[in-house]
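Novice: how would this look folded up:
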Amino acid sequence: MKSEFPSYSELAVSEILQCEFYAVFLRNDNIVQIQTKDNFDCELNDAINILDSIKRVSNGNKYPLLAIYSNFNTYSKEVTAHIASHNLTKADALVGFNFAFILVANFYLRINKPNRPTKLFKDVDSAINWLKTIKH
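Specialist: Here you go, the predicted model:
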């Protein structure tokens with residue numbers, strides 16, 4: 001495990017579950033946050049582990065999800081289908097900062113049609129503001 005993520009200790013009210021390419025935790029505003037690192041080639045077993053991490057930090061509760069994606073992440077069709085079908089969160093805000101992410105995320109939203117409110121954002125503050133409108 002590497003520890004190149006920013007410090008989340010001021011935001012986190014749960015354990016911070018950190019793997020090589022992502023970190024997951026429950027924030028003090030009752031939003032689950034996942035953040036990826038650059039060049040994350042997400043496979044199905046990673047997606048399963050991410051969902052297990054969300055379950056763990058949520059302690060059986062449903063919270064909104066803030067997903068912050070770094071550059072050059074890839075996701076297979078199996079991964080996107082698996083992620084779209086889970087029922088662990090109330091809503092998902094997907095945040096990405098480059099054109100490639102926007103293309104992939106729009107494709108995900110059109111093809112996979114997640115079974116919960118899901119929206120794409122280009123900045124974290126807008127995503128958090130939207131998630132705070134979701135009833136906890």
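Novice: show me which helix runs longest in the protein.
Specialist: helix 44-58 (DSSP state H).
Novice: by contact count, what packs against the very next helix or strand once past that helix?
Specialist: Once the chain leaves helix 44-58, the next helix or strand it forms, by DSSP states H and E, is strand 63-68. The contact analysis (3 or more Cβ pairs under 8 Å, 6 or more residues apart in numbering; DSSP states H and E) places strand 63-68 against strand 32-36, strand 89-95, helix 124-131. The way it works is simple: take the backbone N, C-alpha and C, and place the C-beta from them, glycine included.
Novice: out of those, which comes closest to residue 74?
Specialist: strand 32-36 (10.7 Å; Cβ to Cβ).
Novice: how about JSON lines for the helices and strands packed on strand 63-68, with mean neighbour count and distance to residue 10 added?
Specialist: Formatted as JSON lines, the helices and strands packed on strand 63-68 follow (neighbours: other Cβ atoms under 10 Å; distance: least, Cβ to Cβ, whole Å):
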{"stretch": "strand 32-36", "mean neighbour count": "23", "distance to residue 10": "12"}
{"stretch": "strand 89-95", "mean neighbour count": "22", "distance to residue 10": "19"}
{"stretch": "helix 124-131", "mean neighbour count": "16", "distance to residue 10": "15"}
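Novice: the closest residue to residue 81 other than its chain neighbours and residue 84: what is the separation?
Specialist: Spatial nearest neighbour of residue 81, chain neighbours left out: residue 112 (6.0 Å); criterion: Cβ to Cβ, 6 or more residues apart in numbering. Applying Cβ to Cβ, to the nearest Å, the value for residue 112 to residue 84 is 4 Å.
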